[in-house]
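Output the structure for:
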Amino acid sequence: MQRDPKYKVVVRFVEDHIRSGELKVGDRIPSVNAFRIRFSLSRSSIFLAMQELKSRGIIEAEPAVGYYVQSTNVAVKEKILLLFNELTAFKEELYRSILEGIGDKASVEIMFHHYDRRVFETLLRDAEGRFTSYVLMPGKFRGLSPLLDRLPGRVFLLDHFQDDIRGQYPGVGQDFEQDTYDALIQGLNAIRKYHTLVLVQHDDKEPEERYSGIKRFCEEFGFGSLLLPTIADDTLHKGTLYLTPSDRELVNLIKKAAAQRLSIGSDIGLLSFNDTPLKEVLCGGIAALSTDFPQMGRTMASMLLDANTPTNVPTLRNPWVFLPRQSL
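As a prediction, the model looks like this:
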């Protein structure tokens, strides 16, 4: 039978005194030296205990003074940070799915970096040591290993991240090139009515791998392909299938089609990424290529709740679906 680490006696001391009411929010706990003498432990062992209690949100440190009780919720063993890039309709589905999967087994806090690396790094440094697990959505940021390796807890990667950290941390994400290619194969019969596929995507935050998948599909099956950052100043052309992950560009495409008297689903096609309930009804239904965000959330929740999740595993690939609708 495996014995608890020695420092756990300090953790249990604080938990027991909170449960009994002897320690309340704002109360100071004994000093490191007092714990060291009381339990005959090394300073490093005491600091391990302080780190666990701090990461669970039970205590907080006041510089040059000591530690005080921040929360009396000692039942929570996990405190999880979700660091998302932004909150869109489909990211909200992902967030809700993670929360449902975790239930009352952990507390969860969400933050957003809005694709700004400085914000991402600042939030992580401020969060260092305050959580037991960190779920990160770094997107296109590279060279993150030195920053992530400093985090005193488990690190998980989510949705989109670069290959230089893939496999270093457990995670669940998308293979944008292969998934886009595979989804287009599923829709090949409907796509054959068009001669050119145009991806409308601004590359600052979106994965370029999508276009790699589209180009591979077009070269293999004899379609033309083009990448545009925006459709704002362009005229739509008959026989073209337009693909976009942007809701703003999707609206622009619908407006331009109406202005040019082009029939969507006949003269031109529209295919969006990342399905939402609105796309099921817009213009009779907008066809979509989409990962299963609720499934992604359930998988991540399962990894978080499994104390035996390896710290170095291949990324789990989240399934995609092709949703044929009237716009195709």
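
per-residue pLDDT, residue 241?
If you check residue 241, the pLDDT there is 98.

so what's the backbone phi/psi at residue 277?
phi -60, psi -30 (degrees, to the nearest 10).

count of neighbours near it?
9 (other C-beta atoms under 10 Å). For glycine as for every other residue, the C-beta is placed from the backbone atoms N, C-alpha and C.

mind checking pLDDT for it?
Value for residue 277, per-residue pLDDT: 86.

Find the nearest non-adjacent residue to it, please.
The shortest distance from residue 277 to any non-neighbouring residue, by C-beta to C-beta, 6 or more residues apart in numbering, is to residue 89 (7.8 Å).

show me the contacts for that neighbour.
276, 277, 278 (C-beta atoms under 8 Å, 6 or more residues apart in numbering).

now do residue 88
residue 274.

The protein: helices as residue ranges?
8-19, 32-39, 43-55, 89-102, 117-127, 145-149, 176-186, 188-191, 209-221, 247-259, 277-281, 293-305 (DSSP state H).

For residue 90, give me its contacts.
So residue 90 contacts 274, 275, 276, 290, 293 (C-beta under 8 Å, 6+ apart).

ok, it to residue 96 distance?
Here the distance between residue 90 and residue 96 works out to 11 Å (C-beta to C-beta, to the nearest Å).

same check, this time on residue 165
Residue 165 is 26 Å from residue 96, by C-beta to C-beta.

Likewise for residue 249?
For residue 249, the distance to residue 96 - C-beta to C-beta - is 26 Å.

now swap in residue 209 and tell me
Relative to residue 96, and taking C-beta to C-beta, residue 209 is found at 26 Å.

Neighbour count for the two, which is higher?
residue 209 (17 against 13).

what's near enough to touch the more buried one?
175, 176, 177, 180.

The first one touches residue 319, doesn't it?
No: using C-beta atoms under 8 Å, residue 175 makes no contact with residue 319, being 10.7 Å away.

which of these two has more neighbours?
residue 175 (18 against 12).

Provide the partner residues of the spatially closest residue to that one that is not a sequence neighbour in its beta bridges.
Nearest residue to residue 175, sequence neighbours excluded (C-beta to C-beta, 6+ apart): residue 317, at 5.6 Å. Taking DSSP bridges, one finds residue 173 as the beta-bridge partners of residue 317.

For residue 317, give me its contacts.
Neighbours of residue 317 in contact, by C-beta under 8 Å, 6+ apart: 172, 173, 174, 175, 179.

per-residue confidence for it?
For residue 317, the model assigns a pLDDT of 91.

Per-residue pLDDT of the closest residue in space to residue 35 that isn't next to it in sequence, please?
Spatial nearest neighbour of residue 35, chain neighbours left out: residue 46 (4.9 Å); criterion: C-beta to C-beta, 6+ apart. At residue 46, the predicted lDDT confidence score is 91.

What about residue 46, how many residues nearby?
Around residue 46 there are 22 residues (other C-beta under 10 Å).

Please apply the same query to residue 12.
Residue 12: 13 neighbours (other C-beta under 10 Å).

ok, now the one 5 residues further on?
Neighbours of residue 17 under the rule other C-beta under 10 Å: 17.

now swap in residue 235 and tell me
8.

Contacts only, for it.
256, 260.

Pull out the buried positions in stretch 83-98.
Residues 83, 84, 85, 90, 91, 93, 94, 95, 97, 98 are the ones in stretch 83-98 that count as buried (16 or more other C-beta atoms under 10 Å).

Just confirm residue 30 contacts residue 38, I think it does.
Yes: assessed by C-beta under 8 Å, residue 30 is found in contact with residue 38 at 7.1 Å.
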